[in-house]
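Q: Predicted coordinates and the sequence they were generated for:
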Amino acid sequence: MTDQPRERTMSADIERLRQAIRNVPDFPQPGIQFKDITPLLADPQLFELSVDLMTAPYQQGDIDAVVGIDARGFIFAAAAARKLSAGFVPVRKKGKLPYQTIEKSYDLEYGSNTVAMHVDAVPSGARVLLLDDLLATGGTAAAALQLLGNLEADIKEAVFLIELDFLGGRKGLGDVSARSLIHY
Ligand code: AMP
């Protein structure tokens, strides 16, 4: 009973975030319903709220590095890193990182993608959060988690602003706990 008002506030907050996400049909190709987060980012209160909710279970000192996925994940991960006084670490598309890298390829519906991290991006045992804007099929996040596993990071959680539940992406994330603010 006592936590009902808090739950109500929480779901009202999530609804405010949801209202700020614009659906763009057939972008970047026919059949894709693109979730455009730029209206949310442009609103200072909603941007702050989204980062607050993504980092809510943690306090300063709980996390060593927030790992963001190229490119929209960087926006949330950098802000979350500042909030938690943690470092920021990028997972980038192949060919963008200048130093020695580890890489992981994964299949898309047509073709494949490769993501990369620097070999020394996080020390063994580092407590990390993985952040991205959206979990779709899960291929990108699963590849990023595999790289973090190779670096022997202590992965606390994978957090997403949006999850497309009907694509079942979280099944590919193995034992890692996944949390998303908005579900479609
Ligand atoms: P996936 O590997 O299928 O989980 O795709 C996740 C990545 O693709 C994320 O980094 C998203 O930014 C992007 N993405 C996939 N589907 C969408 C969509 N419908 N709207 C916006 N971004 C998407």
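A: Structure's in. What do you need?

Q: Quick one: the helices in the protein, in order.
A: Remark: helices assigned in the chain by DSSP state H are 4-19, 38-42, 44-55, 72-84, 139-150.

Q: possible to save these as a markdown table with mean pLDDT?
A: Formatted as a markdown table, these follow (pLDDT from 0 to 100):
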| stretch | mean pLDDT |
| --- | --- |
| helix 4-19 | 88 |
| helix 38-42 | 99 |
| helix 44-55 | 98 |
| helix 72-84 | 99 |
| helix 139-150 | 98 |
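
Q: want to throw those into CSV with distance to Leu131 and mean neighbour count?
A: All C-beta spots, glycine's among them, are computed from the backbone N, C-alpha and C. Output for those, formatted as CSV (distance: least, CB to CB, whole Å; neighbours: other CB atoms under 10 Å):
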stretch, distance to Leu131, mean neighbour count
helix 4-19, 15, 12
helix 38-42, 14, 15
helix 44-55, 6, 18
helix 72-84, 4, 21
helix 139-150, 10, 21
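
Q: mind checking which of these is nearest the ligand?
A: With CB to the nearest ligand atom, the closest approach to the ligand among the helices of the chain belongs to helix 139-150: 3.3 Å.

Q: Now Leu151: closest residue in space, sequence neighbours ignored.
A: Val122 (5.4 Å; CB to CB, 6 or more residues apart in numbering).

Q: I'd say that neighbour and Asp64 touch.
A: Yes - between Val122 and Asp64 there is a contact at 7.2 Å, judged by CB atoms under 8 Å.

Q: Please enumerate the shared neighbours of these two.
A: Common contacts of Val122 and Asp64 (CB atoms under 8 Å, 6 or more residues apart in numbering): Val128.

Q: Give me the phi and psi angles of Ala136.
A: Per-residue torsions, Ala136: phi -110, psi -100 (degrees, to the nearest 10).

Q: my read: Ala121 touches Arg92, true?
A: No - checked against CB under 8 Å, the pair Ala121 and Arg92 is beyond contact range at 10.1 Å.

Q: Those two: which is more packed in?
A: Ala121 (23 against 19; other CB atoms under 10 Å).

Q: got a pLDDT number for that one?
A: Per-residue pLDDT puts Ala121 at 98.

Q: check contacts around the closest residue to it other than its chain neighbours.
A: Using CB to CB, 6+ apart and skipping the chain neighbours, the partner closest in space to Ala121 is Val89 (4.9 Å). By CB under 8 Å, 6+ apart, Val89 lies in contact with Ala65, Val66, Val67, Gly68, Ala77, Met117, Ala121, Val122, Val128.

Q: which residues touch the second one?
A: With contacts defined as CB under 8 Å, 6+ apart, the neighbours of Val66 are Ala77, Ala78, Ala80, Ala81, Leu84, Ala86, Gly87, Phe88, Val89, Val128, Leu129, Leu131.
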